[in-house]
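*Asks:* Got a predicted structure here, sequence first:
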Amino acid sequence: MKSFKNIFPLFITLLLLHYSCERHEVGLQINADVTIHGLSIADREGRINEGDKVIVVEVPEGTDLTNLYPAVSLDAGAVLLPDITAGYDFSNPVSVKVINGDLYSEYTIQVSYIDVSFNAFYVNGVRGIVNDAERTVTVVLPDGTDITGLSINVELPAGASISPEISPALDFSAPVSLKITNQGASRTYSVIVKIQETLIGFLGTYADSLSITDDDEKAAAKWLFENYENARYISFDEIKNGEENLSSYRLLWWYHDAYGHLPGIAIDPLVLNAITSYYKNGGNLLLNTHAVGYLWPMGRITNNYAKAVGTGGGFDLNDTWYVGVTVGGNLQPHDKSTHPVYEGLSVVIQPNGDKWIPLISPGWAEDHNHVIIEIAPFHGYDYGNAGAYNAFQQANQVEWLGVWAGNRDFYMAGVMELLPTDLFQGRAIAQGLGAFEFNREAKGNLSPEGVNLYQSNVERFTKNAIRYLLTN
């Protein structure tokens, strides 16, 4: 009997617990519908993403987003908190709860204007500036562009259309009105195409171009100003003193030939920062001879390569010097002769298939090189290993364009295109070969009159580089 007394109270307790649990579970409403079946604002039906619990409603432009009255479709027993149907501010995303029984779900409601803007507008590959507030698109094309028959490409929102249709027949000599229509909403833009003078700056350490004393720098400046009305001389002192707005220039050309090191004014912090910022922000550079060395203090090239830097007064050259445009030789050829900087230059094809472009004929030559050497071993390769070619280009984001003629491995780089990067958005051409001289001095016995039979190649290369950098 004693054993029964101990067991009976325990039995009663367990029975009561079981009963109470059953009653509680029966009371929960866990099958209630907490879904928003539909939501519209001003007769605009919202797009419901049930997976992400996001509802997007697009309304016509000009609708007051601060006081909207959505119509919401819910289950008969569901409640919406807050009650947005009585008027609510949707200028920012709104979070709501749908509560039904013992369940709830949360949605985010986003209300925006129907998109009737240009995602992008291009003319001849140049991206225009879209001003939605003023309803304008402005495109500035390089000097000399033919305004007729322009190539127009536009990017529109999904489902949008444009009128009139884009075609080469559109005349952009005056502003053109284009209308975007999307879901019944529309907006008209005025498209303005401008042909703007594209300024070229010639950098120098001298007060003005007439004060230049180095013969090659002087000849290069004279040639530039005779051939380009949009060229201006810029002294480094003007940059330091804040007298020049470099953002006005599409291209800066620095031909530094007088001596092998960089002048102090060029690496003055104010000057260096101004030119580096210009380059980082999309300005382009043409660097000749010892100006190639500027790539390191600017931070565009960071690898500490060995260099061949030549200085001196010169000597009688009894040979023709070329730029080799078959990088790697015919065993592992990378033909660069089709690059735009070589367009129209005379090419000599060697018996082994290598392509050379003559730059200077026999006569007085200075041999002022400023080139990168010993490239392959720097990257851990033998000189004949093509892996060095890829490693050099990838490490520096460059295109390897030219070498000393006769160099048939991956020893040196004399001409390079430095491609835009995330940090440096501009483009640069670096020409450091000693064979490239803008002036042949009238010295020596082989060409005492100072004639270079291949001067046209020097000038054509420069013209090509300028055109390429003005338009890319």
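*Replies:* Now that the structure is in, tell me what you want to look at.
*Asks:* tell me the mean pLDDT over the strand or helix carrying residue 308?
*Replies:* Taking DSSP states H and E as the criterion, residue 308 maps to strand 306-309. Across strand 306-309, the average pLDDT comes to 97.
*Asks:* Can you list the buried residues in whatever helix or strand comes next after that strand?
*Replies:* Toward the C-terminus, strand 306-309 is succeeded by strand 315-317 as the next helix or strand (DSSP H and E). By 16 or more other CB atoms under 10 Å, the buried positions in strand 315-317 come out as residue 317. The C-beta positions use only the backbone N, C-alpha and C, and glycine is treated the same way.
*Asks:* and the next element down the chain from strand 315-317?
*Replies:* Where DSSP H and E defines the elements, the next helix or strand beyond strand 315-317 is strand 321-324.
*Asks:* That next one packs against which elements?
*Replies:* Helices and strands touching strand 321-324, by 3 or more CB pairs under 8 Å, 6 or more residues apart in numbering; DSSP states H and E, are strand 355-360, strand 398-404.
*Asks:* Tell me how far whichever helix or strand comes after it lies from the chain's centre.
*Replies:* Following strand 321-324 in sequence order, the next helix or strand is strand 326-327 (DSSP H and E). On the basis of CA atoms, centre = their mean, to the nearest Å, strand 326-327 sits 27 Å off its chain's mean C-alpha point.
*Asks:* circling back: out of the helices and strands packed on strand 321-324, nearest to residue 456?
*Replies:* strand 355-360 (10.1 Å; CB to CB).
*Asks:* now that closest one against strand 398-404, angle please.
*Replies:* Counting by axes from the mean of the first three to the mean of the last three CA atoms, to 10 degrees, strand 355-360 lies at 60 degrees to strand 398-404.
*Asks:* residues in contact with stretch 237-245?
*Replies:* 201, 207, 234, 246, 265, 268, 270-271, 274-275 (CB atoms under 8 Å, 6 or more residues apart in numbering).
*Asks:* Which ones among these lie within helices?
*Replies:* Among the contacts of stretch 237-245, the members falling in helices (DSSP state H) are 270-271, 274-275.
*Asks:* Please check the residues you listed and keep the buried ones.
*Replies:* Buried subset of the ones in helices among the contacts of stretch 237-245 (neighbour count, 16+ other CB under 10 Å): 271, 274-275.
*Asks:* TSV for the residues you listed, including pLDDT and distance to residue 141?
*Replies:* Below are those laid out as TSV (pLDDT from 0 to 100; distance: CB to CB, whole Å):
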residue	pLDDT	distance to residue 141
271	98	31
274	97	26
275	98	25
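*Asks:* In a markdown table, list those residues along with distance to residue 43.
*Replies:* What follows is these, written out as a markdown table (distance: CB to CB, whole Å):
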| residue | distance to residue 43 |
| --- | --- |
| 271 | 62 |
| 274 | 56 |
| 275 | 58 |
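*Asks:* Looking at those residues, which is nearest residue 125?
*Replies:* Using CB to CB, residue 275 comes nearest to residue 125 of those, at 26.3 Å.
*Asks:* and the closest one, what does it touch?
*Replies:* 203, 239, 246, 252, 294, 298.
*Asks:* before we move on, back to that, the helices and strands packed on strand 321-324: which one's closest to residue 148?
*Replies:* Ranking those by distance to residue 148, with CB to CB as the measure, places strand 398-404 first at 33.2 Å.
*Asks:* Give me the residues contacting the following helix or strand past the closest one.
*Replies:* Tracing the chain past strand 398-404, the next element assigned as helix or strand by DSSP H and E is strand 415-418. Strand 415-418 has contacts (CB under 8 Å, 6+ apart) with 295, 300-301, 323, 339, 341, 396-403, 424, 427-433.
*Asks:* quick revisit: turn the helices and strands packed on strand 321-324 into a markdown table, including mean neighbour count.
*Replies:* Output for the helices and strands packed on strand 321-324, formatted as a markdown table (neighbours: other CB atoms under 10 Å):
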| stretch | mean neighbour count |
| --- | --- |
| strand 355-360 | 23 |
| strand 398-404 | 23 |
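*Asks:* which stretch among these comes nearest residue 160?
*Replies:* Closest among those, using CB to CB: strand 398-404, at 38.6 Å.
*Asks:* what's in contact with that closest one?
*Replies:* Applying CB under 8 Å, 6+ apart, the contact partners of strand 398-404 are 323-325, 327, 334, 336, 339, 341, 371, 389, 392-393, 411-419, 431, 433.
*Asks:* please redo it, this time with the cut-off set to 7 Å
*Replies:* Strand 398-404 has contacts (CB atoms under 7 Å, 6 or more residues apart in numbering) with 323-325, 327, 336, 339, 341, 389, 392-393, 412-419, 433.
*Asks:* What subset of the residues you listed is buried?
*Replies:* 323-325, 327, 336, 339, 341, 389, 392-393, 412-418, 433.
*Asks:* how far away is the residue positioned nearest the centre of the chain from residue 217?
*Replies:* Nearest residue to the geometric centre of the chain (CA atoms, centre = their mean): residue 425, 4.9 Å. According to CB to CB, to the nearest Å, residue 425 stands 28 Å off from residue 217.
*Asks:* nearest spatial neighbour of residue 67, skipping sequence neighbours?
*Replies:* Counting by CB to CB, 6 or more residues apart in numbering, residue 87 is the residue found nearest to residue 67 once chain neighbours are left out, at 5.6 Å.
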